[in-house]
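Enquirer: whatever this is, show me its structure:
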Amino acid sequence: MSPLPLFVLPMVLMPGEIQELRVFEPRYRQMLDDCLLDDRNFGLVLNDPFTLTNHWDAPQTHGCEAEILHHETKGSNHFLKIVGRRRFTVQEVIEPALPPFDHPMMDSLTNAEGVDPDLQSMLEFIPEEVGHSKLYISAEVDFIDPLEATTNEQQEQLKKMANHVMIRIASLLSIDDELVQEWVQQAPVMELIDDDSDTVFAVTALLVSDLDTKQRILGSEGIDEAINHLNDHLNAFLEEE
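Expert: Residues are numbered from 1 along each chain as shown. Predicted coordinates for the structure are as follows:
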């Protein structure tokens, strides 16, 4: 397989999760053009600010394949609706052809007004020794097999955790005590818990905002490991509250 284009962001996408993105950077506009032209998916990966690839934040080890559900263009901005598909591990990073605009090498290509150069100018600026014309990060990846079906016991664990969080939210919203249980049971997160292998990721997407926790859950080798990470995080969250 050819290298997977990577969207490297301070964001974690879960399998089955739907998100919206705005694409405006030249490197990602090029990536989007490539994906749309070849009808292929890209990978969304949490950035690692402590590791660089050609002076850009490098991707972390685990990511999620993103399928484009909808695309529209408004001016120089592209708006995407995506859904998470397969998890993967990054095996070999292929660095982008050019560094960021704030790198000294790029001084002659940028102007004082802060307007990005056009794509053709950037492509012509790539040194011959680079050997490719991709402005975005890509990688050789190994896709991870889907998790096994979620057992009844695991579903009960997830329901218990979700129930505790929703009761806490109900308290913060001052929902009448007599209505709390009905409100909790009608919450979207409760309806998502079933035997699907992606259930734990769906619950994570709705209940967790901490990127490090989401990244650990995304890289879990099994449902029990993912549930343990989720449980530890939610317990800490409830204790803080």
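Enquirer: hey, C-alpha coordinates of the host helix or strand of residue 200 in CSV?
Expert: Here residue 200 sits within helix 199-207, counting by DSSP states H and E. Extracted in CSV, the C-alpha atoms of helix 199-207 (Å, rounded to 0.1, in the frame of the first residue of the first chain):
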residue,chain,number,x,y,z
THR,A,199,-18.8,0.7,21.8
VAL,A,200,-15.9,1.6,24.2
PHE,A,201,-14.7,4.1,21.6
ALA,A,202,-18.1,5.6,21.2
VAL,A,203,-18.5,6.1,25.0
THR,A,204,-15.0,7.6,25.1
ALA,A,205,-15.8,10.1,22.4
LEU,A,206,-18.8,11.3,24.3
LEU,A,207,-17.5,11.3,27.9
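Enquirer: what lies in contact with it?
Expert: For helix 199-207, the external contacting residues (Cβ atoms under 8 Å, 6 or more residues apart in numbering) are 14-17, 84, 147, 150, 154-155, 158, 161-162, 165, 188-189, 192-193, 196, 213-214, 217-218, 220, 223, 226-227, 230, 234. C-beta coordinates here come from the backbone N, C-alpha and C atoms, glycine included.
Enquirer: quick one: mean pLDDT for the next helix or strand along the chain from that helix?
Expert: Once the chain leaves helix 199-207, the next helix or strand it forms, by DSSP H and E, is helix 211-218. For helix 211-218, the mean pLDDT works out to 96.
Enquirer: for helix 211-218, packing partners?
Expert: Contacts defined by 3 or more Cβ pairs under 8 Å, 6 or more residues apart in numbering; DSSP states H and E place helix 211-218 against strand 42-53, strand 56-74, helix 199-207, helix 223-240.
Enquirer: using TSV, lay out those together with mean pLDDT, distance to residue 141 and mean neighbour count.
Expert: Below are the helices and strands packed on helix 211-218 laid out as TSV (pLDDT from 0 to 100; distance: least, Cβ to Cβ, whole Å; neighbours: other Cβ atoms under 10 Å):
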stretch	mean pLDDT	distance to residue 141	mean neighbour count
strand 42-53	97	7	18
strand 56-74	96	7	17
helix 199-207	94	18	23
helix 223-240	87	20	16
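Enquirer: what's the PyMOL line that selects buried ones from the contacts of helix 199-207?
Expert: Selection of buried members from the contacts of helix 199-207 for PyMOL, criterion 16 or more other Cβ atoms under 10 Å:
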select buried, resi 14+15+16+17+84+147+150+154+155+158+161+162+165+189+192+193+196+213+214+217+218+220+223+226+227+230+234
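Enquirer: what's the offset of the helix or strand of the chain with the lowest mean pLDDT from the middle of its chain?
Expert: Between all helices and strands in the chain, the lowest mean by mean pLDDT, DSSP states H and E belongs to helix 177-185, at a mean of 80. Chain-centre distance of helix 177-185: 32 Å, with Cα atoms, centre = their mean, to the nearest Å.
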